[in-house]
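J.: Return atomic coordinates for the entry below.
(2 chains)
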Amino acid sequence: MSDARHEDIEALLGVYALHSVDEAERRLVHDHLDDCLRCAQEVLGYQEVAALLGQSGGDAPTGLWERIAGELEEAPPPLRLGVMPMAAAAERRERRGSSRVALAAMGIAAAVVIGFMGSVVVQQDARIQGLESARPDVPITATSVAALSSADETMTVDAVLLSNGTGYLLAEDLPVLTQQETYQLWGVTDAGVISLGLLGADPAQGMAFQAGDHVTGLAITQEKAGGVAKSENSAVVSGTFD
Amino acid sequence: MSELGSSGHGVGSESPDVTRPPTLSASSDAVLVVGISRYSQEALAEAYRRHAGAVFALARRLLVDATLAEEVVQEVFLRLWNQPDKFDPDRGSLRSFLLSQCHGRSVDLLRSETSRRSREERDARRTAESGYDLEHEVVDLLLADQVQGALAGLSEMERTAISLAYFGGHTYREVAELLDQPEGTVKSRIRSGLKRLRSELVTAGVGGWTGE
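T.: Numbers count the residues shown, from 1 in each chain, chains lettered A, B, ... in the order given. Sure, this is the predicted structure:
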C-alpha cells in the first residue's frame, strides 16, 4: 500500500467510526484496518467517543425482551448428538483399559502443548477462551477418561481430561475428510452441548482441548470447514467421562 | 441414543428482570458474553437488562419511529446471541459495542429509500423545534458532565459536523452539502473533533479506552 493511499484512508477514519461513509469507503477502511494496527487503534478510540455521545439511560419498551426471547427459542436448531449411555461407556472403557488411554494421552501431551497455541482446536473457540480469561477461577476437575465410539463401534477415540481442564484426544481412527470438511468437538453439559473446537480434516495427531468440570461427555461431528455454531448432524463418535 | 438440545437452561419468555440469577447480576460483561457464547439465555437476558435501554434510546433518537427502533434493538441483541465472538472485551466495553452496532444499523435504515421521507420530515421538525445542535442532543441523552465539557472545547464547525454525521445519520458528503463546505474539510473537522474529544475524555477518565 502506498503512503498516499494510507493517508487517504487515514483521512476517513473519523467518518468511518461514525458510520458516515458510503459502502465502498466502508469496505476500503475495513480491509485496511485488518493490516494497520495504528489506524485500527485510532478507530477504536473514535468509536468509544461515539458510544459516549450515544449513551443514555431509560428503559427498553415493555414486551421487547419477550419478542427477543421468542426468537431465541426458534432460532437455534437442535444439536443431535447420540451420547452413549454411561453404563455402556464404562463397560467399553473397562474392556479397552483406561490406563492405556491415560498413558497414551499423557505421552502426546508434551508434543501437543508445544504446538498448543497454534492448534486447530484453539482456533474455533479462541473467542471463548479469550473471554474466559476475564472469568473468576474455573473449577477444575479431577483427571478422567472417556472412550468415544461410533454407533457401530468400528471407530473409537480416546480422551483424557486433566485436572487443569486441559484434555487430549487420540483420534487416529477417524477417516481423513476433504479440505472442505472438518471434525468438530462438542462437550456435553447438563445445560446442553457446547462447541469445544475444530479438529480439522485429519485429526490423527494428538489434539488438545479445554473443558471445565461441567463437561460430562464428548462428541465429534463431521461439519463443513469452519465449523458450525450448532450442529444438526449425528455424532461420528461420542462417549462420557468416567 | 439420546438427543440433546443445544440451548442452555434458558429463561424462556419471562422478563429478564424477574429471572436473572444473583450470580449473573454480579458478573462482568465479559463473563456474560462467555455465557452467551455457550447459549445461556440468562446471560443474554442480563446483558439486555443492562444495556437495552441505552440501545433503544439511541435507536429512537436516530430513527424517531419507536417501532423501527425496537426492531433495531432486537436485531442488535440477536446478533450478539448469534455472533458473540464479534465482541472483543480487549477492544472496548460491551455497551460501546452494542451502541456501535445499533448506530450502524440505524444509519442503514435511515439511508434506505423507504425511510428517506420520514427522515426529511424529522430533520425539518427538529430544526424548527430546537436548532438541532450537538449540545442539545447530548443533554437529551443524559451524558456525563465530562462529555459535555469536552464538547464545549470543539469548534462550532466540528460540533455541527459530528452532530449531523452521528445523530443525523448523514454521510460526510451529505454533511458537506448541508454545511456548504468541501468534503475534505468536513472529513478533517470530524476527525479533529473526535480526536480532541477523545483526548479530553481520556484526561477526564471517562470511557473504557483501549491502547492507552
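J.: Low-confidence ranges, chain A, go.
T.: By pLDDT under 70, the weakly predicted segments of chain A are A:1-4, A:56-57, A:73-142, A:205-206, A:213.
J.: Can you give the domain ranges for it?
T.: A:3-54, A:86-240 (automatic domain parsing).
J.: swap in chain B?
T.: Taken from automatic domain parsing, chain B resolves into B:21-114, B:133-204.
J.: Tabulate the domains of chain A (JSON lines), appending mean neighbour count.
T.: Bear in mind the C-beta positions are built from the backbone N, C-alpha and C, glycine included. Output for those, formatted as JSON lines (neighbours: other C-beta atoms under 10 Å in any protein chain shown):
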{"stretch": "domain A:3-54", "mean neighbour count": "19"}
{"stretch": "domain A:86-240", "mean neighbour count": "18"}
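J.: hey, least reliable of the domains of chain B by pLDDT?
T.: Per-stretch mean pLDDT for the domains of chain B is lowest at domain B:133-204 (a mean of 84).
J.: name the element the spatially most central residue of chain B belongs to?
T.: For chain B, the residue sitting closest to the mean C-alpha position, by C-alpha atoms, centre = their mean, is residue B:99 at 2.1 Å. Applying DSSP states H and E as the criterion places residue B:99 in helix B:94-111.
J.: then that helix to CSV, C-alphas only?
T.: Extracted C-alpha coordinates of helix B:94-111, given in CSV (Å, rounded to 0.1, in the frame of the first residue of the first chain):
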residue,chain,number,x,y,z
LEU,B,94,-19.9,-4.2,25.7
ARG,B,95,-22.1,-1.1,25.8
SER,B,96,-19.9,0.7,23.3
PHE,B,97,-20.0,-2.4,21.1
LEU,B,98,-23.8,-2.6,21.3
LEU,B,99,-24.3,1.1,20.7
SER,B,100,-21.9,1.0,17.7
GLN,B,101,-23.9,-1.9,16.3
CYS,B,102,-27.1,0.0,17.0
HIS,B,103,-25.8,3.1,15.3
GLY,B,104,-24.6,1.3,12.2
ARG,B,105,-27.9,-0.5,11.7
SER,B,106,-30.0,2.6,12.4
VAL,B,107,-27.9,4.6,9.9
ASP,B,108,-28.5,1.8,7.4
LEU,B,109,-32.2,2.2,7.9
LEU,B,110,-32.1,5.9,7.8
ARG,B,111,-30.4,5.8,4.4
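J.: Buried residues, that helix. List them.
T.: B:94-103, B:105-107, B:109-111 (16 or more other C-beta atoms under 10 Å in any protein chain shown).
J.: Likewise for stretch B:188-198?
T.: For stretch B:188-198, by 16+ other C-beta under 10 Å, it's B:188-198.
J.: From the buried residues of helix B:94-111, pick the one nearest chain A.
T.: residue B:96 (3.6 Å; C-beta to the nearest C-beta).
J.: OK, contacts around the residue lying closest to that closest one once chain neighbours are set aside?
T.: In space, not counting the residues next to it along the chain, residue B:96 is nearest to residue A:51; the distance is 3.6 Å by C-beta to C-beta, 6 or more residues apart in numbering or on different chains. Listed by C-beta atoms under 8 Å, 6 or more residues apart in numbering or on different chains, the contact partners of residue A:51 are B:92-93, B:95-96, B:99-100, B:207.
J.: secondary structure element for residue A:51?
T.: Assigned by DSSP H and E, residue A:51 falls in helix A:37-54.
J.: Now do that helix against helix B:94-111, angle only.
T.: 80 degrees (axes from the mean of the first three to the mean of the last three C-alpha atoms, to 10 degrees).
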